[in-house]
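[1] give the three-dimensional model of this entry:
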Amino acid sequence: MSTLKVATTQFQLRAERSLEGFLTHVEDSVRQAAEQGAELILFPELASTGLLAGIDGHVVTTATISSDYWNELPPLLEPLIEGLRQLASRYDIVLVGGSHNRLAEDGTLRNTAYVVHPDGRVETQDKLHLTPQEHDLGARGGDGLLVTRVGPFTVGVLVCADIQFPELSRYLAHQGVDMILCPSLTWNRRGVHRVRTGCEARAIENQLYVVHSPLVGNNGLPTDAPMYAVGQALVTGPVDKTVGRNDGIMGITRSTEGDEMLVVELDHDLLMASRANPEAPGLKFQRPDLYAKLAAEMRA
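    From the prediction side, this is the model:
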């Protein structure tokens, strides 16, 4: 079968008082996606940030937020991932559980996305390009790219700002990737525009599908400077006559507020037809010798 039905969430940031409550929130979306026949569901970057509201030892403020990211959220990761594994198995769906804070074996703080398969397998992708705020936290970016399979598609994951670096998606395309998943967290309209434009550009230049999931809303934390997350869930693809979308948009959520879901059926054979007979210069007409020459000049 050449098609895959994918769901992407516009996921509401809430004051999650417990891990159980957060997983119930996630399950609401997973259930809706499964009822619509989705075989994959994507959640946003730092989807579990709402669990900061479960801290009862102190008030979460800008003075505590750094230590909270290091000390309060990572201990919840193991039971959180186990909860996601149970949901993936129960609903027979590939659950890309967004990204979450974790402490790596080397003791560094990472922003890591999890691809959870119904058979219990869990794959990971660290965010590679960190924001100034993440650098200020002392977090560290990853050093590699995951390539995995979901149905007929070869899939990669680029977390938020990573979609803005064309070198990553071009590498993935050369590894056979034809779908990129992009969980994100942006807190102003400039960030929304950067990520959305990045998704659309990567889809056009690599003739692949990009599925985007944003965190939205406000849980009142930190109490002295609450973060308000914004965005719209989006699925985009090549802009050509074969795919038949003049703007490349396969689907986008209707509003920018609250929980919302987008379910789109994506056709792998159609994408391969687009690559085989591009309307505009696509992957088929790359000039690797020229690119190598230009890269050498940049290094000189």
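[2] run a quick neighbour tally on Leu128.
    17 (other C-beta atoms under 10 Å). (C-beta placed from N, C-alpha, C; glycine too.)
[3] so what does it look like in phi/psi?
    Backbone torsions of Leu128, given as degrees, to the nearest 10, read phi -100, psi -40.
[4] for it, list the residues it contacts.
    141-143, 145, 158-159, 162, 165, 168 (C-beta atoms under 8 Å, 6 or more residues apart in numbering).
[5] Thr253 too?
    Applying C-beta under 8 Å, 6+ apart, the residues contacting Thr253 are 10, 232-234, 260-262.
[6] got it, and Thr64?
    Counted by C-beta under 8 Å, 6+ apart, Thr64 has contacts 58, 222.
[7] compute the distance between it and Val26, please.
    26 Å (C-beta to C-beta, to the nearest Å).
[8] same question for Gly217.
    For Gly217, the distance to Val26 - C-beta to C-beta - is 15 Å.
[9] next: Leu42.
    Leu42 is 12 Å from Val26, by C-beta to C-beta.
[10] what's the answer for Met250, then?
    24 Å.
[11] related to what we said a few turns ago, the more surrounded of Gly217 and Val26?
    Taking other C-beta under 10 Å, Gly217 and Val26 do not tie; Val26 has more neighbours (24 against 18).
[12] that one against Ala88, yeah?
    No. At 10.7 Å, Val26 does not count as touching Ala88 under the criterion of C-beta atoms under 8 Å.
[13] for Gly217, see how far away the closest residue to Val159 other than its chain neighbours is.
    Sequence neighbours aside, Lys127 is the residue nearest to Val159 in space, at 3.9 Å (criterion: C-beta to C-beta, 6 or more residues apart in numbering). In this view, Lys127 and Gly217 are 21 Å apart by C-beta to C-beta.
[14] ranges for the strands of the protein?
    3-12, 40-42, 94-103, 109-116, 122-126, 148-150, 153-157, 179-184, 209-216, 234-236, 249-252, 260-267 (DSSP state E).
[15] per-residue pLDDT, the residue nearest to Val159?
    Per-residue pLDDT puts Lys127 at 98.
[16] cool, Leu270 as well?
    pLDDT at Leu270 comes out at 96.
[17] just Thr124 next, same as before
    So Thr124 comes in at 98 (pLDDT).
[18] how close does it sit to Gln12?
    25 Å.
[19] same check on Leu46?
    13 Å.
[20] same check on Val177?
    Val177 is 30 Å from Gln12, by C-beta to C-beta.
[21] tell me which of the two has more neighbours.
    Val177 (24 against 18).
[22] nearest residue to that one other than its sequence neighbours?
    Nearest to Val177 is Gly156, by C-beta to C-beta, 6+ apart, at 4.4 Å.
[23] check contacts around that neighbour.
    Contacts of Gly156 (C-beta under 8 Å, 6+ apart): 125, 145-148, 169, 172, 175, 177, 179-181.
[24] ok, now with 6 Å
    147, 172, 177, 180 (C-beta atoms under 6 Å, 6 or more residues apart in numbering).
[25] of those residues, which is the most crowded?
    If you rank these by neighbour count (other C-beta under 10 Å), Ile180 sits at the top with 26 neighbours.
[26] mind pulling the model confidence for it?
    98.
[27] is it bridged to anything, and to what?
    Beta-bridge pairing of Ile180 under DSSP bridges involves Gly156, Val210.
[28] hang on, isn't it packed against Val210?
    Yes. Applying C-beta atoms under 6 Å as the test, Ile180 and Val210 come out as touching, 4.8 Å apart.
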